[in-house]
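[1] turn this into a structure:
(chains A, B, C and D)
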4 protein chains.
Amino acid sequence: MPGVRAVVMPAPRQPLELRSFAEPRPEPGGAVLEMLASEVCGTDVHLHHGRLAGVPYPIIPGHVSCGRVLETGGALTDVFGAPIRTGQVVTFYDVYGICGRCWHCLVAKAGTRCPERKVYGITTSAEDGLLGGWSEQIELKPGVRVLPLPEGVEVLDFMGGGCGLPTGFHAVERARVALGDCVVVQGSGPVGLNALIFATLAGAERVLVIGAPAARLEAARLLGAEDTLDIQAASDPEARVRWVLERTNGRGADVVIEASGNPGALREGLEMLRDAGRYVVVGQYTDAGEVPLNPHRHLNRKHVELFGCWGFEFTHLQRALQLLARHKRRFDWRGLVTREYPLAQAAAALQDMERLAVVKAVIRPR
Amino acid sequence: MPGVRAVVMPAPRQPLELRSFAEPRPEPGGAVLEMLASEVCGTDVHLHHGRLAGVPYPIIPGHVSCGRVLETGGALTDVFGAPIRTGQVVTFYDVYGICGRCWHCLVAKAGTRCPERKVYGITTSAEDGLLGGWSEQIELKPGVRVLPLPEGVEVLDFMGGGCGLPTGFHAVERARVALGDCVVVQGSGPVGLNALIFATLAGAERVLVIGAPAARLEAARLLGAEDTLDIQAASDPEARVRWVLERTNGRGADVVIEASGNPGALREGLEMLRDAGRYVVVGQYTDAGEVPLNPHRHLNRKHVELFGCWGFEFTHLQRALQLLARHKRRFDWRGLVTREYPLAQAAAALQDMERLAVVKAVIRPR
Amino acid sequence: MPGVRAVVMPAPRQPLELRSFAEPRPEPGGAVLEMLASEVCGTDVHLHHGRLAGVPYPIIPGHVSCGRVLETGGALTDVFGAPIRTGQVVTFYDVYGICGRCWHCLVAKAGTRCPERKVYGITTSAEDGLLGGWSEQIELKPGVRVLPLPEGVEVLDFMGGGCGLPTGFHAVERARVALGDCVVVQGSGPVGLNALIFATLAGAERVLVIGAPAARLEAARLLGAEDTLDIQAASDPEARVRWVLERTNGRGADVVIEASGNPGALREGLEMLRDAGRYVVVGQYTDAGEVPLNPHRHLNRKHVELFGCWGFEFTHLQRALQLLARHKRRFDWRGLVTREYPLAQAAAALQDMERLAVVKAVIRPR
Amino acid sequence: MPGVRAVVMPAPRQPLELRSFAEPRPEPGGAVLEMLASEVCGTDVHLHHGRLAGVPYPIIPGHVSCGRVLETGGALTDVFGAPIRTGQVVTFYDVYGICGRCWHCLVAKAGTRCPERKVYGITTSAEDGLLGGWSEQIELKPGVRVLPLPEGVEVLDFMGGGCGLPTGFHAVERARVALGDCVVVQGSGPVGLNALIFATLAGAERVLVIGAPAARLEAARLLGAEDTLDIQAASDPEARVRWVLERTNGRGADVVIEASGNPGALREGLEMLRDAGRYVVVGQYTDAGEVPLNPHRHLNRKHVELFGCWGFEFTHLQRALQLLARHKRRFDWRGLVTREYPLAQAAAALQDMERLAVVKAVIRPR
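    This is a model prediction of the structure:
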């Protein structure tokens, strides 16, 4: 098969296809990368089930990715003003098109809620080019922000974090985790594990993780969780709440971060939270249904602060990457990559991800 | 009937009784007031229905109140250090007993969540003395903070605000209402009307009020609401959401303040809120049931900030009272007092409040 | 003189010149306005004295301005997405070129500190075109944000605010003026007067203004200042501090906003501030020298929060303009315009501004 | 010498004396401790020079201290509600008397600026009892908050932190150190070293320490400072500023914490700070003179946030102690104790502290 090969998801619930595309050339201010790795994340599973609105199928999946610069459309720089060079190993902020001109951008400063916002591998169509990471090459549009991997950071170090890295960072920032806090993380997938890491780095005294399966909880303990609870073993929500209360002097946690995607986690997390605590909801990336809440008991009397947390901004990716470079010995991000797959096995990767058979699955186009 | 007369609520759903008590004397650091006025608020209705947990019936209802100082137990001062004099007309912070020593007070600084916190007329038993405002006299325990009514403020000016005054203030502070915001207030009772006033004073460009009945909505318009919506006329929640979207460029309000007590208002309010907006839940003072939420749509994707808001602190009462003194011509708090009742008609006052036949009902013991 | 006439400041301390330029045409995404009014502000006086670094003389002065749209370079919209039409009366955000790609923009989110930031009439050279407001026409570069004047707002209403409008707004936002605060404003020029207005709108209980000359202080009182102090009459800094302490129960003000440009105001303002108060320094737009501070007494023991405040962002201009539209009857911005000058009398306008003979001077090119 | 021996500082610049006091008995709600250790801090040197205002000489110095509970005046509890037992090794919050009733406590919530605030060993007179730590026993007044040393924390672990522990914690909290920040600490005494530790725990990517002498800078490097600068070697302030700029991409640090006590550090620190950075002034505990600032360059144009930081609150001590218990292996607080002194050698301890011959000097009464 000549040209550039890429995995295409033609439509929800249709088999993935390996298609060939013409070699791309960068637009002025853009770039073309040879792909080295691209993640398989829970969102890709949701995409395959058609659970997100507004996805322009067919798409090439793969949002957070690493590649080698093949060609740039003129001089490019990183955020510090240093030139981006051909041959450099880089990642990029997978969000682009934020307009900087609309009410959300300029007045509300709600960076992730600009209506023009697009995400590689999710809201970009394969009919518009190589705009997803499960491909041998990717086109970076003008304005896409490129970040060289810092010295000492290898592709798999970064891919072990994947999009969970900046998302977990964002959740922890939004939770205003304070020195000495006790934090509960609901969910032990990549977002949850990165929330655990960044909550620790932000000064939490203790982090408790609730999730499944056992391999992910073991990863949580290796990353420093004080204790973990397996929701398959503890299937009673009340027992899970009690487990937290027993570890927090009966008060509940200072901060709870929801990173599970399960609607029921919302109610449960609020019951695990101390009065006047902070709760961040970051895991509900798709619509998985509703949950009943008691406004008096869960919100008003508890004097709670609850923060929805959508996507991440460039600042989160940049700073998360710097901290990964600094702390890669202390936190084994790379160890989260359970398995690597060539392009031709993308369907298997998706399946393993859905079955939670892996912590992190990575597509290696070359 | 000799002695001091007070209205006693013997138990939930039992008739109110007028009982006689011995004349109280102040403890050292305390005071005794001759009561001039005490409010009848929605909480009193809830108390009569037995909807609050932990109420030590029999109680003397009446939390926010005004009186004349009969006697003090030694020298007392206000928060500025000025002496409290016999004969002065004062109100007091109806919360007392906040310990200043526990984890909530000292570590979390969650002033309204101290387990020792007690509230006059709600969590104080008639067996422990004259600790409610529906009485000819009231005992202020040592440590209760006394606030003289500022010059020019008459008893009914202040009572028109009642506990809604500092509660509405607290909600607006917690919402961080910013210059130019569009604010929706759900509920047109005393808390909602005071939220309207303080949101206006805090720089909101526009305040929309949704509630009932017509008389309260007319009060809202007189107090400066840009527009009002009668929930009896617009009984379809979706129509109410549309009403807000039509007035906010299709985006929703910057801030929504729930002051209705209706669980369903939570879901509806979140749908009236713009992305990345702020939502304060202050009206769910009692447990009135549950409401289903969609964590993806209502919280996560919306990138919302949601704040429960419990009670109020001294700072809110103090500052609200100062602003009332300053702005009583601009906002006619006194006009909110629809009717005054002698002690013997407390049951009628309660009934009028329950039927929403009044905006603000005030007991006048003398 | 054919073509488009504009006032040029050829170099510091050189006479202004009236020069003729070719008629401009808009670039794609840009626009050309027929100028209706442009302000003369203290900065223009500083520019004429050569007190700002990095000014690319010759320049056409005039930053905050109003004009009528002559032609647009394709479809333009305002921040709400509404089309900008030919013939419409508009203003524009006088800052442009903020890159949205650098570390300050993306990581620190310090909008006014982007190194690429340019300001019409200040850091734009007359050799690059009609990029200042003291001109019959102005070229708006692609990306310059255009704001139609809201219905009911006339050119002079807005020009009475001028750049002081969004600057004062920014200072008040940064001060986090809270409901009930007592605020001192140092300086009674346009920034100070707008700080007074927006502090009032943000819920300050009282605003005290210290400045000169008498006409500006009278304007302050008309705008609602509780009291004013003439620094020419009260030339002793200690007496001025005492004046504030006497009006604040001996404690000092909750918030002080420096809008004077005098370095000595910094020390004095800190002494007027209560312990744990907030201080905003917004008036020191040029380097006017140094002032000795005592770090123990003025900062550390006082537990102060001090905020420098540079320029303003689009959000401040947008929201300030909306509030002006809403409150133009309550606050007489238009009355601040003391005198209007044709282009040919720009030198006289500058001189009047320097002598403080006017509150607000406005150039009327047509 | 019978009775209880204590070191008395009779007046500024007078020799210390060892005096005998009667055995104290606890008041109801108070306690008596047998002293195990009490720190010698820079403040004690200042006290001996008479540099603090309002000190009621003669005093028994020694504020942050550890002891064993001899007797309590009735049942006492810690902040979690657990009983304080005789024989337990504890420390205590050395501030007491905060009234909880004044404007600063209740309205401004400026906990460290209550006028009634008293500090053991500083604003307590020896004529009023054993109210300082350089003594065989100490009287804890009713309301003094007692904190048992957590399991595994020995007296010298905690004393290595001393009052620098909660003070450094407070400074870091006030600086809002964020994940990924570069932090400069000015000063390498106990406050500076603890600011280094807590900035690291709060997620700083890098901490740079500027101070002297060499032994303290070596301690800083052992505690994880990325780099240190000796002010004795680099005596030129401009060279020190350059040293920071070279390590921060020319931008300056995100956060600077002044912990030096030298007025000149203020100007220098502001020049080390990036635009829109945060600066905390915590080291200026006594009046050591003035420093000239340029309001335009150092504050306004820089868009700085500057926070004075006075003392610490209970929450800082409680949480700092918990984090010390958790991280005592990672950060060798105990190693900061250079030398221990019996009561009789208190004068030598003071002299060693003044000469900076020790990092931390500790008095061991027994």
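[2] give the pairing partners of the helix or strand where residue A:229 lies; include direction for each.
    In this structure, residue A:229 is located in strand A:227-230 according to DSSP states H and E. Taking DSSP bridges as the criterion, strand A:227-230 forms sheet pairs with strand A:206-211 (parallel).
[3] OK, contacts around the residue in the stretch 151-300 of chain A that chain C sits nearest to?
    Using Cβ to the nearest Cβ, residue A:173 is the residue of the stretch 151-300 of chain A that sits closest to chain C, at 12.0 Å. Heads up, the C-betas are built off the backbone N, CA and C, glycines and all. By Cβ atoms under 8 Å, 6 or more residues apart in numbering or on different chains, the contact list for residue A:173 reads A:198, A:202, A:316, D:178-179.
[4] next secondary structure element downstream of the strand holding residue A:229?
    helix A:237-246.
[5] show me what that following helix is packed up against.
    On a contact count with 3 or more Cβ pairs under 8 Å, 6 or more residues apart in numbering or on different chains; DSSP states H and E, helix A:237-246 meets strand A:206-211, helix A:264-271.
[6] got the contact list for the first one?
    To tie it back to what came earlier, the one meant is strand A:206-211. A:182-189, A:192-193, A:196, A:199-200, A:217, A:220, A:224-231, A:240, A:243-244, A:247, A:253, A:260, D:326.
[7] now it against helix A:237-246, angle please.
    Relative orientation of strand A:206-211 versus helix A:237-246 (axes from the mean of the first three to the mean of the last three Cα atoms, to 10 degrees): 170 degrees.
[8] ok, which stretches of the stretch 101-250 of chain A are helices?
    Assigned by DSSP state H, counting those that start in this stretch, the helices in the stretch 101-250 of chain A fall at A:103-106, A:155-161, A:164-174, A:190-201, A:214-222, A:237-246.
[9] can you put these in JSON lines and add mean pLDDT?
    Shown next, in JSON lines, are the helices of the stretch 101-250 of chain A (pLDDT from 0 to 100):
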{"stretch": "helix A:103-106", "mean pLDDT": "91"}
{"stretch": "helix A:155-161", "mean pLDDT": "97"}
{"stretch": "helix A:164-174", "mean pLDDT": "98"}
{"stretch": "helix A:190-201", "mean pLDDT": "98"}
{"stretch": "helix A:214-222", "mean pLDDT": "97"}
{"stretch": "helix A:237-246", "mean pLDDT": "97"}
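[10] most tightly packed of those helices?
    Stretch with highest mean neighbour count among the helices of the stretch 101-250 of chain A: helix A:190-201 (a mean of 30; mean count of other Cβ atoms under 10 Å in any protein chain shown).
[11] how close does the residue of the stretch 151-300 of chain A closest to chain C get to residue D:180?
    Separation of residue A:173 from residue D:180 (Cβ to Cβ, to the nearest Å): 10 Å.
[12] and residue A:168, by the same measure?
    14 Å.
[13] which neighbours do the two share?
    Shared contacts of residue A:168 and residue D:180, counting by Cβ under 8 Å, 6+ apart, come down to residue A:320.
[14] for the stretch 1-150 of chain A, which residues are neighbours of chain C?
    Contact residues (Cβ under 8 Å from any Cβ of the partner chain) of the stretch 1-150 of chain A with chain C: A:79-81, A:100-103, A:106-109, A:143, A:145.
[15] recalculate using a threshold of 10 Å.
    For the stretch 1-150 of chain A, the residues in contact with chain C (Cβ under 10 Å from any Cβ of the partner chain) are A:77-81, A:93, A:98-109, A:111, A:115, A:143, A:145.
[16] near chain D too, which of those residues?
    Applying Cβ under 10 Å from any Cβ to the residues of the stretch 1-150 of chain A next to chain C, those adjacent to chain D are A:80-81.
[17] mind listing what the closest residue to chain B within the stretch 101-250 of chain A touches?
    For the stretch 101-250 of chain A and chain B, the shortest gap (Cβ to the nearest Cβ) falls at residue A:110, measuring 3.5 Å. The contact partners of residue A:110, by Cβ atoms under 10 Å, 6 or more residues apart in numbering or on different chains, come to A:102-104, A:310, B:274-277, B:302-303.
[18] out of these, who has the most neighbours?
    Highest neighbour count within these, by other Cβ atoms under 10 Å in any protein chain shown: residue B:277, with 28 neighbours.
[19] so that residue: helix, strand or coil?
    With DSSP: H, G, I helix; E, B strand; the rest coil as the basis, residue B:277 sits in strand.
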